[in-house]
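Enquirer: Just the structure for this:
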Amino acid sequence: QDEVSLAIVAILVAHVNKAEAEHTLLKPPETWQAYDFFMRASDIFTAFRSSLNVAGLYEARQLLERCISLDPSYARAYATLSSTHLLAWIYTLDEDHVSPAALERAHRLAWKAVQLDPNLPIAHAYLGRVLTFEGQHDRSIAEFEKAIALNPNFTDWRFGTTLVRAGEPARAIQVLETHMRYDPFYEPT
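Expert: Prediction:
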């Protein structure tokens, strides 16, 4: 059953990505370019998370900012840009490490993503991540719960981290066991 579930999830992800690309083609040409900037930024940002090469972080930000300049209503771009600022706040990469201004930027961008698309689970999750580091645990948990309510198949291991920081380690284990088991990229150790 687990293998069937994983296969279904992988197929659904491919269909959702295809549907999003097709939906993008219905928009004006400048939006296509914005989507291209977003996809390029996403690839670079994924690589950054593996290497922590600060040049990749800056390049991803630049592409996301270009995306937003072409399509100021693209919530996913704001959410991802928020994550770039949060990771710069978390990791010792540059002067943004533990900088209140960097954390505020991450919060503002994640909040903008939620405002632009209140039905986008990743926007709520990214806002939840920022709120975790601001010590706003109840609000953070509420944002992750909203993401899951919007899409019960949504998974983000950082929800477990949020619960641990909020003093709920038993619930963190339960959430991770329940949700991560269906994540095709999750490999239990």
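Enquirer: Can you measure across stretch 148-160, start residue to end residue?
Expert: The first residue of stretch 148-160 is 13 Å away from its last residue (CA to CA, to the nearest Å).
Enquirer: And what about the closest residue to A77 other than its chain neighbours, helix, strand or coil?
Expert: Nearest non-adjacent residue to A77, counting by CB to CB, 6 or more residues apart in numbering: C67, 4.5 Å away. Using the backbone N, CA and C atoms, a C-beta is placed for each residue, glycine as well. Of the three states, C67 takes helix under DSSP: H, G, I helix; E, B strand; the rest coil.
Enquirer: And for N119?
Expert: coil.
Enquirer: right, and the helix or strand after the least confident helix or strand in the chain by mean pLDDT?
Expert: Every helix and strand in the chain was compared by mean pLDDT, DSSP states H and E; the lowest is helix 2-25, with a mean of 60. Remark: after helix 2-25, the chain's next helix or strand is helix 29-51, criterion DSSP states H and E.
Enquirer: Report the contact partners of the residue nearest to A77.
Expert: 34-35, 37-38, 41, 74, 77 (CB atoms under 8 Å, 6 or more residues apart in numbering).
Enquirer: Closest one of these to Y91?
Expert: Nearest to Y91, judged by CB to CB, of the contacts of C67 is A41 at 18.2 Å.
Enquirer: How about that closest one, nearest residue that isn't a chain neighbour?
Expert: L63 (3.6 Å).
Enquirer: shaky segments in the chain?
Expert: 1-30, 179-189 (pLDDT under 70).
Enquirer: returning to what we had before: give the helix, strand or coil label for the residue nearest to A41.
Expert: From three-state DSSP, the assignment for L63 is helix.
Enquirer: burial of it, as a residue count?
Expert: 23 (other CB atoms under 10 Å).
Enquirer: That one is in contact with F38, isn't it?
Expert: Yes: contact between L63 and F38 holds when scored by CB atoms under 8 Å: they sit 7.5 Å apart.
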